[in-house]
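Colleague: got a structure for you, letters missing:
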(Lines give C-alpha, C1' and ligand atoms only; values in the text may rest on other atoms or scores of the structure.)
Protein backbone atom coordinates (compact mmCIF):
# COMPACT_ATOMS: atom_id res chain seq x y z
CA UNK A 1 0.00 0.00 0.00
CA UNK A 2 1.57 3.26 -1.17
CA UNK A 3 0.95 5.74 1.62
CA UNK A 4 1.88 9.36 0.90
CA UNK A 5 1.73 11.69 3.89
CA UNK A 6 2.47 15.37 3.34
CA UNK A 7 1.74 18.55 5.23
CA UNK A 8 0.44 19.93 1.92
CA UNK A 9 -1.56 16.93 0.70
CA UNK A 10 -4.24 14.57 2.02
CA UNK A 11 -3.17 11.17 3.21
CA UNK A 12 -3.49 8.54 0.51
CA UNK A 13 -2.93 4.82 0.37
CA UNK A 14 -1.93 2.56 -2.49
CA UNK A 15 -0.99 -1.03 -2.99
CA UNK A 16 0.58 -3.36 -5.48
CA UNK A 17 -0.52 -6.96 -5.69
CA UNK A 18 0.89 -9.85 -7.68
CA UNK A 19 -0.73 -13.23 -8.24
CA UNK A 20 1.47 -15.99 -9.66
CA UNK A 21 -0.25 -19.00 -11.22
CA UNK A 22 1.49 -22.21 -12.32
CA UNK A 23 -0.13 -24.22 -15.12
CA UNK A 24 0.89 -27.68 -16.28
CA UNK A 25 1.02 -28.65 -19.95
CA UNK A 26 -2.59 -28.87 -21.05
CA UNK A 27 -3.63 -25.89 -18.95
CA UNK A 28 -4.27 -27.47 -15.54
CA UNK A 29 -3.78 -25.00 -12.67
CA UNK A 30 -1.20 -26.53 -10.29
CA UNK A 31 -0.86 -23.81 -7.68
CA UNK A 32 -1.39 -20.17 -6.82
CA UNK A 33 0.84 -17.98 -4.65
CA UNK A 34 0.35 -14.44 -3.35
CA UNK A 35 2.88 -12.00 -1.90
CA UNK A 36 1.76 -8.96 0.09
CA UNK A 37 4.11 -6.31 1.47
CA UNK A 38 1.64 -4.78 3.93
CA UNK A 39 3.12 -6.73 6.83
CA UNK A 40 6.61 -5.43 6.11
CA UNK A 41 5.97 -1.76 5.37
CA UNK A 42 7.45 -0.52 8.65
CA UNK A 43 10.62 -2.54 8.13
CA UNK A 44 10.90 -1.45 4.51
CA UNK A 45 10.73 2.24 5.35
CA UNK A 46 12.29 2.49 8.81
CA UNK A 47 15.26 4.36 7.35
CA UNK A 48 13.17 6.77 5.25
CA UNK A 49 12.76 10.11 7.07
CA UNK A 50 11.46 13.06 5.06
CA UNK A 51 10.26 16.27 6.72
CA UNK A 52 7.47 16.96 4.23
CA UNK A 53 6.83 13.60 2.59
CA UNK A 54 6.68 10.05 3.87
CA UNK A 55 6.21 7.54 1.06
CA UNK A 56 5.06 4.00 1.83
CA UNK A 57 5.04 1.51 -1.03
CA UNK A 58 3.48 -1.91 -0.72
CA UNK A 59 3.57 -4.84 -3.11
CA UNK A 60 1.60 -8.04 -3.10
CA UNK A 61 2.22 -11.05 -5.29
CA UNK A 62 0.03 -13.98 -6.29
CA UNK A 63 1.64 -16.96 -8.03
CA UNK A 64 -0.40 -19.50 -9.99
CA UNK A 65 1.14 -22.69 -11.37
CA UNK A 66 -0.81 -24.78 -13.85
CA UNK A 67 0.37 -28.34 -14.40
CA UNK A 68 -0.83 -31.24 -16.53
CA UNK A 69 -4.58 -31.14 -17.02
CA UNK A 70 -4.89 -27.47 -16.05
CA UNK A 71 -5.58 -28.01 -12.34
CA UNK A 72 -4.65 -25.58 -9.56
CA UNK A 73 -2.77 -27.51 -6.89
CA UNK A 74 -1.91 -24.94 -4.20
CA UNK A 75 -2.20 -21.36 -2.93
CA UNK A 76 0.26 -19.34 -0.84
CA UNK A 77 0.23 -15.82 0.60
CA UNK A 78 3.39 -14.02 1.62
CA UNK A 79 5.14 -10.70 2.20
CA UNK A 80 8.06 -8.68 0.88
CA UNK A 81 9.35 -5.13 0.56
CA UNK A 82 9.97 -2.20 -1.74
CA UNK A 83 13.67 -1.46 -2.08
CA UNK A 84 15.30 1.88 -1.34
CA UNK A 85 16.13 2.07 -5.05
CA UNK A 86 12.44 1.58 -5.81
CA UNK A 87 11.47 4.36 -3.42
CA UNK A 88 13.97 6.72 -5.03
CA UNK A 89 12.67 5.79 -8.49
CA UNK A 90 9.12 6.62 -7.44
CA UNK A 91 10.07 9.95 -5.90
CA UNK A 92 12.09 10.89 -8.99
CA UNK A 93 9.26 9.93 -11.34
CA UNK A 94 6.59 11.87 -9.43
CA UNK A 95 8.45 14.92 -8.17
CA UNK A 96 11.56 15.42 -10.32
CA UNK A 97 12.26 14.08 -13.81
CA UNK A 98 9.13 12.05 -14.48
CA UNK A 99 8.86 8.94 -16.66
CA UNK A 100 7.25 9.50 -20.08
CA UNK A 101 6.94 5.83 -21.02
CA UNK A 102 7.66 3.62 -18.00
CA UNK A 103 8.78 0.09 -18.77
CA UNK A 104 8.72 -2.51 -15.98
CA UNK A 105 9.32 -6.24 -16.02
CA UNK A 106 8.52 -9.19 -13.78
CA UNK A 107 11.00 -11.75 -12.46
CA UNK A 108 10.96 -14.84 -10.26
CA UNK A 109 13.23 -15.32 -7.24
CA UNK A 110 14.72 -18.28 -5.43
CA UNK A 111 15.35 -18.79 -1.72
CA UNK A 112 16.74 -16.05 0.49
CA UNK A 113 15.40 -13.07 2.42
CA UNK A 114 15.04 -9.78 0.51
CA UNK A 115 16.50 -6.60 1.97
CA UNK A 116 15.54 -2.96 1.41
CA UNK A 117 19.13 -2.29 0.31
CA UNK A 118 18.93 -4.87 -2.49
CA UNK A 119 19.58 -3.68 -6.04
CA UNK A 120 19.70 -5.47 -9.37
CA UNK A 121 23.47 -5.53 -9.08
CA UNK A 122 23.60 -6.58 -5.43
CA UNK A 123 21.18 -9.03 -3.81
CA UNK A 124 23.53 -11.58 -2.31
CA UNK A 125 20.90 -13.28 -0.15
CA UNK A 126 18.82 -14.50 -3.10
CA UNK A 127 19.13 -15.33 -6.79
CA UNK A 128 16.88 -14.84 -9.79
CA UNK A 129 15.19 -17.91 -11.26
CA UNK A 130 15.80 -18.08 -15.02
CA UNK A 131 14.50 -21.60 -15.73
CA UNK A 132 12.03 -20.44 -18.36
CA UNK A 133 12.23 -20.32 -22.14
CA UNK A 134 11.22 -16.68 -22.60
CA UNK A 135 14.04 -14.69 -24.19
CA UNK A 136 13.52 -11.85 -21.71
CA UNK A 137 11.72 -11.12 -18.46
CA UNK A 138 8.02 -10.71 -19.25
CA UNK A 139 6.78 -7.14 -19.36
CA UNK A 140 4.45 -5.60 -16.81
CA UNK A 141 1.73 -4.14 -19.05
CA UNK A 142 -0.75 -2.18 -16.95
CA UNK A 143 -4.20 -0.96 -17.91
CA UNK A 144 -5.25 2.68 -18.05
CA UNK A 145 -5.83 3.70 -14.42
CA UNK A 146 -9.50 3.95 -13.44
CA UNK A 147 -11.02 4.44 -10.02
CA UNK A 148 -7.54 4.51 -8.48
CA UNK A 149 -6.66 1.07 -9.85
CA UNK A 150 -4.45 -0.28 -12.63
CA UNK A 151 -3.60 -3.91 -13.34
CA UNK A 152 -2.29 -6.34 -15.94
CA UNK A 153 -5.29 -8.67 -15.79
CA UNK A 154 -5.74 -8.56 -19.58
CA UNK A 155 -2.04 -9.11 -20.29
CA UNK A 156 -0.54 -11.17 -17.48
CA UNK A 157 3.22 -11.71 -17.33
CA UNK A 158 3.84 -15.32 -18.41
CA UNK A 159 6.80 -17.61 -17.72
CA UNK A 160 7.23 -20.80 -19.78
CA UNK A 161 9.11 -23.05 -17.37
CA UNK A 162 11.76 -25.26 -19.00
CA UNK A 163 13.42 -26.87 -15.98
CA UNK A 164 12.80 -28.15 -12.47
CA UNK A 165 12.82 -25.30 -9.98
CA UNK A 166 11.23 -23.95 -6.81
CA UNK A 167 9.51 -20.56 -6.80
CA UNK A 168 10.04 -18.60 -3.59
CA UNK A 169 8.81 -15.19 -4.72
CA UNK A 170 8.98 -12.50 -7.37
CA UNK A 171 10.26 -9.05 -8.17
CA UNK A 172 9.67 -6.05 -10.43
CA UNK A 173 12.48 -4.20 -12.21
CA UNK A 174 13.00 -1.92 -15.22
CA UNK A 175 15.47 -4.15 -17.09
CA UNK A 176 14.09 -6.80 -19.46
CA UNK A 177 17.31 -8.85 -19.65
CA UNK A 178 16.76 -12.26 -18.07
CA UNK A 179 19.41 -12.60 -15.37
CA UNK A 180 20.49 -9.00 -15.96
CA UNK A 181 22.11 -7.05 -13.12
CA UNK A 182 21.50 -3.45 -14.20
CA UNK A 183 18.51 -1.16 -13.84
CA UNK A 184 16.24 -0.50 -10.87
CA UNK A 185 14.93 -3.27 -8.63
CA UNK A 186 11.61 -1.74 -7.62
CA UNK A 187 10.29 -4.38 -5.24
CA UNK A 188 10.81 -7.98 -4.23
CA UNK A 189 8.92 -10.38 -1.99
CA UNK A 190 8.47 -13.96 -0.84
CA UNK A 191 5.48 -16.23 -0.56
CA UNK A 192 4.73 -17.84 2.79
CA UNK A 193 5.55 -21.21 1.25
CA UNK A 194 7.74 -22.06 -1.73
CA UNK A 195 6.13 -23.74 -4.74
CA UNK A 196 7.57 -26.33 -7.17
CA UNK A 197 7.56 -25.96 -10.94
CA UNK A 198 8.83 -28.24 -13.69
CA UNK A 199 9.49 -28.17 -17.41
CA UNK A 200 6.28 -27.62 -19.34
CA UNK A 201 4.58 -25.62 -16.59
CA UNK A 202 3.35 -22.11 -17.27
CA UNK A 203 3.47 -19.48 -14.54
CA UNK A 204 1.46 -16.28 -14.87
CA UNK A 205 1.92 -13.17 -12.76
CA UNK A 206 -1.14 -10.98 -12.23
CA UNK A 207 -0.42 -7.58 -10.70
CA UNK A 208 -2.76 -4.89 -9.39
CA UNK A 209 -1.75 -1.42 -8.23
CA UNK A 210 -4.18 0.69 -6.22
CA UNK A 211 -4.14 4.27 -4.93
CA UNK A 212 -6.96 5.40 -2.66
CA UNK A 213 -7.67 8.04 -0.02
CA UNK A 214 -7.00 6.92 3.54
CA UNK A 215 -9.24 7.68 6.48
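Modeller: That came through fine. Quick caveat: nothing in here was measured; it's all calculated off a predicted structure. Numbering: from 1, shown residues only.

Colleague: From now on I want contacts and neighbour counts done on CA atoms only, so please keep to that.
Modeller: OK.

Colleague: list the contacts for residue 162?
Modeller: 131-133, 198-201 (Cα atoms under 8 Å, 6 or more residues apart in numbering).

Colleague: same question, residue 178
Modeller: By Cα under 8 Å, 6+ apart, the contact set of residue 178 is 130, 135-137.

Colleague: which of these has the most neighbours?
Modeller: Compared across the contacts of residue 178, residue 137 has the highest neighbour count, 26 neighbours, by other Cα atoms under 10 Å.

Colleague: and the longest helix along the chain, which residues are buried?
Modeller: Secondary structure of the chain read by DSSP state H shows that its longest helix is helix 84-95. If you call a residue buried by 16 or more other Cα atoms under 10 Å, then helix 84-95 has these buried ones: 84-87, 89-90.

Colleague: got it, and stretch 120-133?
Modeller: 120, 123, 126, 128-132.

Colleague: on that earlier part again, which among the buried residues of helix 84-95 gets closest to residue 187?
Modeller: residue 86 (6.4 Å; Cα to Cα).

Colleague: what about the helices in the protein?
Modeller: Using DSSP H, helices in the chain cover 41-44, 84-95.

Colleague: List the contacts of the longest one.
Modeller: Under the contact criterion Cα under 8 Å, 6+ apart, helix 84-95 has outside partners 55, 57, 98-99, 116-119, 184-187.

Colleague: now with 7 Å?
Modeller: Residues from elsewhere that reach helix 84-95 (Cα atoms under 7 Å, 6 or more residues apart in numbering): 98-99, 116-117, 119, 184-187.

Colleague: For this structure, give me the ranges with low pLDDT.
Modeller: 1-16, 36-80, 210-215 (pLDDT under 70).

Colleague: Contact partners for the nearest residue to residue 163 once chain neighbours are set aside?
Modeller: Distances taken as Cα to Cα, 6 or more residues apart in numbering place residue 199 nearest to residue 163, at 4.4 Å, with adjacent residues excluded. By Cα under 7 Å, 6+ apart, the contact set of residue 199 is 161-164.

Colleague: Just the closest of the buried residues of helix 84-95 to residue 105, please.
Modeller: Of all the buried residues of helix 84-95, residue 86 has the smallest distance to residue 105: 13.2 Å, by Cα to Cα.
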